[in-house]
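> sequence first, predicted coordinates after that:
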Amino acid sequence: MAANGNPTVRRRRLGAELRRLRLACGLTSTKVAERLLISQPKMSHLENGRRAIKPRDVRDLCALYGVTDPQVVDALMEMAGEADQQGWWVACGEVPYAVYIGLETEASSIRSYEPLVIPGLLQTPAYAAAVTAETIPLATPEQIATRLDVRLRRQHRAHHPARPLRLWIVLDESALRRIVGSPEIMREQLEHLNHIAAQPHITVQVLPHDVGAHPGVSGQFSILDFPDTATGAVYLERFTSDLYLEKRSDVRHYGVMYDHLQAQALNPDSTRQFISRAAEELLPAASPPRRGLSETGW
């Protein structure tokens, strides 16, 4: 999928929701294509987000699928009208995870498990610069600067005054212990993490090493929910090609995994204490007093 977000995230989400509604009423894509007097491949492209769909066609599909709630119909028609709008990140140039940024921008809540690093939305500028430079060995300085700029701009979504993003983060202890940049940068990051987690729309839990094996051992994942559709998405970050899961059964499976991680992790209060201790351990060791004549009394 192209990094510029074509097909756009809204078109992908709209297609996924229309597919869900079609399946819910027991119709095949072939049967719907016949009713609309279009080809079956075109119908597949509509549901995969690879073709634009007009608002009036969305209205007709809703009628065919028995959708009577006017709020649902209006939301889907509005999504169709806005489906070709590009996001702010497109102007930034080559951004490998542009599809995810689009999902993140539209999401009402995100539940994320992070085993190795502090997630981008909660990073300090110094930590973000260090982790970007240290994890992309072939990147040019310009590419690193672009990624850093995009990462910091993404953080505005987490604190949107009208609709703040609901964040629930489970962090493996390894993410707190791994020194990124320097002990000073890491300590600042941990202190910032505790500060930002005090906000009512952000929850952070730590999964200590001593819990042993758990459902997150296979790696990072995020579950995104959206305000205007019943279809969520699961994001799996990989180095060269990320994965996006939109089947309801997949989203439900990862939701169960996340419930188990939350249950095994420290509660938010204990997490804050845990993070504070980890930050204190990064303080410079006090130098022992130098012994001299005045100390010995000679």
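Happy to help now that I have it. Numbering: from 1, shown residues only.
> in the helix or strand that Leu23 is a member of, what's buried?
Assessed by DSSP states H and E, Leu23 sits inside helix 9-24. For helix 9-24, the neighbour count (16 or more other CB atoms under 10 Å) marks 9-22 as buried. The C-beta positions use only the backbone N, C-alpha and C, and glycine is treated the same way.
> as TSV, those with pLDDT would be great.
As requested, those are exported to TSV (pLDDT from 0 to 100):
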residue	pLDDT
Val9	67
Arg10	73
Arg11	78
Arg12	76
Arg13	77
Leu14	82
Gly15	83
Ala16	82
Glu17	84
Leu18	87
Arg19	87
Arg20	85
Leu21	88
Arg22	89
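> farthest pair in these?
Val9 and Arg22 (20.4 Å; CB to CB).
> re earlier: contacts for the helix holding Leu23, please.
With CB atoms under 8 Å, 6 or more residues apart in numbering as the test, helix 9-24 has contacts from 29, 32, 46-50, 52-53, 58, 61-62, 65, 67, 76, 79-80, 82-85, 87, 99, 102-103, 105-106, 226, 229-231, 233, 246, 248.
> quick one: which of those sit in helices?
Secondary structure from DSSP state H places 29, 32, 46-47, 58, 61-62, 76, 79-80, 99, 102-103, 105-106, 248 of the contacts of helix 9-24 in helices.
> among the residues you listed, which two are most distant?
Pairwise distances among those were taken by CB to CB; the largest, 30.0 Å, belongs to Val32 and Thr105.
> among these two, which residue is more densely surrounded?
Relative neighbour count places Val32 above the other of Val32 and Thr105, with 20 against 17, counting by other CB atoms under 10 Å.
> report the contact partners of the more buried one.
Arg22, Met43, Leu61, Leu64.
> can you pick out the most distant pair from those?
Met43 and Leu64 (11.9 Å).
> which one's more surrounded, the two?
Using other CB under 10 Å as the criterion, Met43 and Leu64 rank with Met43 on top: 23 against 16.
> what strand or helix carries that one?
Element membership of Met43, judged by DSSP H and E, is helix 40-47.
> report all helices and strands that that helix contacts.
Packing contacts for helix 40-47, counted by 3 or more CB pairs under 8 Å, 6 or more residues apart in numbering; DSSP states H and E, involve helix 9-24, helix 29-36.
> how about it: buried residues?
Buried, per 16+ other CB under 10 Å, within helix 40-47: Met43, Ser44, His45, Leu46, Glu47.
> mean confidence (pLDDT) on that helix, please.
Confidence for helix 40-47, expressed as mean pLDDT, is 84.
> just the ones in helices among the contacts of helix 9-24 now: which is nearest Leu148?
Thr105 (18.2 Å).
> closest to Pro215 out of the ones in helices among the contacts of helix 9-24?
Arg248 (19.0 Å).
> count the residues that sit near the closest one.
15.
> could I have the buried ones of the contacts of helix 9-24 as ChimeraX selection syntax?
Entered in ChimeraX, the line below selects the buried ones among those, by 16+ other CB under 10 Å:
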select :29,32,46,47,49,53,58,61,62,65,67,76,79,80,83,87,99,102,103,105,106,226,229,231,233,246
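> what is the neighbour count of the closest residue to Ala130 other than its chain neighbours?
Counting by CB to CB, 6 or more residues apart in numbering, Ala130 lies nearest to Gly181, which is 3.1 Å off, once chain neighbours are set aside. Summarising burial for Gly181: neighbours were counted as other CB under 10 Å, giving 18.
> in the stretch 151-298 of the chain, mark out all the helices, start to finish.
With helices called from DSSP state H, counting those that start in this stretch, the stretch 151-298 of the chain shows them at 173-177, 183-196, 248-264, 268-280, 293-296.
> can you mark which positions in the first one are buried?
Within helix 173-177, the residues scored as buried using 16+ other CB under 10 Å are Glu173, Ala175, Leu176.
> how deep is the spatially closest residue to the last one that is not a sequence neighbour tucked in, by neighbour count?
The shortest distance from Leu176 to any non-neighbouring residue, by CB to CB, 6+ apart, is to Ala278 (4.8 Å). Counted by other CB under 10 Å, the residues lying close to Ala278 total 18.
> just the pLDDT at Ala278, thanks.
96.
> could you do Ser112 as well?
Looking at Ser112, the pLDDT reads 96.
> so where does it fall, helix or strand?
Counting by DSSP H and E, Ser112 is found in strand 109-114.
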